[in-house]
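Trainee: fold the following for me, if possible:
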Amino acid sequence: MTDALNFRLMVEADLDAVLKIEYAAYSHPWTRGIFLDGLKSYEIWLMFEGNQQVGHGVIQIILDEAHLLNITVKPENQGRGLGLSLLEHLMSRAYQRDARECFLELRDSNRPAYRLYERFGFNEIGRRRDYYPAVGGREDAVVMACTLFE
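Mentor: Residues are numbered from 1 along each chain as shown. Sure thing, here's the model as predicted:
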């Protein structure tokens with residue numbers, strides 16, 4: 001039995017805990033500065049299982065469009081459906097804020113994320129060549145979009 005999931009908006013005091021998860025999960029993580037800037041312009045949501053922080057997600061909403069900028073689950077908590085729960089929360093929040101379409105980019109090599117987004121209803125709509133820094137060079141971004149429903 002797992003503890004119930006709950007979500008809350010990030011505040012600056014959460015920064016160290018968020019960075020710890022971010023750096024554990026990615027080879028090219030978001031930096032402290034990006035998160036600090038993000039607190040001013042984006043909604044950054046933290047996901048907790050009971051009282052343990054297990055992930056975070058970042059959305060930007062401009063008029064009727066949402067952009068999913070970051071979704072991260074602690075590596076030791078991956079593979080249990082938490083990413084989908086976090087995605088559902090973020091998309092529900094975007095819909096509440098009047099977004100009707102969501103866009104995202106992900107690394108071409110990130111097949112688990114691709115499958116997660118596809119399962120939610122995202123479709124690949126394009127690519128950005130050499131978008132991401134990668135070990136030994138650059139990596140393409142896959143651009144995906146999804147229509148949001150209540």
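Trainee: could you use CA atoms for every contact and neighbour count after this?
Mentor: Noted.
Trainee: list the residues that contact the closest residue to Glu49 other than its chain neighbours.
Mentor: Leaving aside its chain neighbours, Glu49 sits nearest to Leu5 (4.6 Å; criterion: C-alpha to C-alpha, 6 or more residues apart in numbering). Leu5 sits next to 47-50 when contact means C-alpha atoms under 8 Å, 6 or more residues apart in numbering.
Trainee: quick check on Leu5: phi, psi?
Mentor: When read as degrees, to the nearest 10, the backbone of Leu5 gives phi -80, psi 140.
Trainee: what sits against the residue nearest to the spatial centre of the chain?
Mentor: Nearest to the centroid of the C-alpha atoms of the chain, with distances taken as C-alpha atoms, centre = their mean, sits Ile71, at 1.8 Å. Residues in contact with Ile71 (C-alpha under 8 Å, 6+ apart) are 55-58, 83, 86-87.
Trainee: returning to what we had before: against Gly55, how distant is the residue nearest to Glu49?
Mentor: 11 Å (C-alpha to C-alpha, to the nearest Å).
Trainee: quick check: neighbours shared by these two?
Mentor: Common contacts of Leu5 and Gly55, defined by C-alpha under 8 Å, 6+ apart, comprise 47-48.
Trainee: returning to that earlier point: which among the contacts of Leu5 gets closest to His28?
Mentor: Nearest to His28 out of these is Met47 (C-alpha to C-alpha; 21.2 Å).
Trainee: and the contacts of Ile71, which of them are in helices?
Mentor: Among the contacts of Ile71, the members found in helices (DSSP state H) are 83, 86-87.
Trainee: quick one: the spatially closest residue to Ala17 that is not a sequence neighbour from Glu76, how far?
Mentor: For Ala17, ignoring the flanking residues on the chain, the nearest one in space by C-alpha to C-alpha, 6+ apart is Gln53 at 8.0 Å. Here the criterion is C-alpha to C-alpha. By it, Gln53 lies 12 Å from Glu76.
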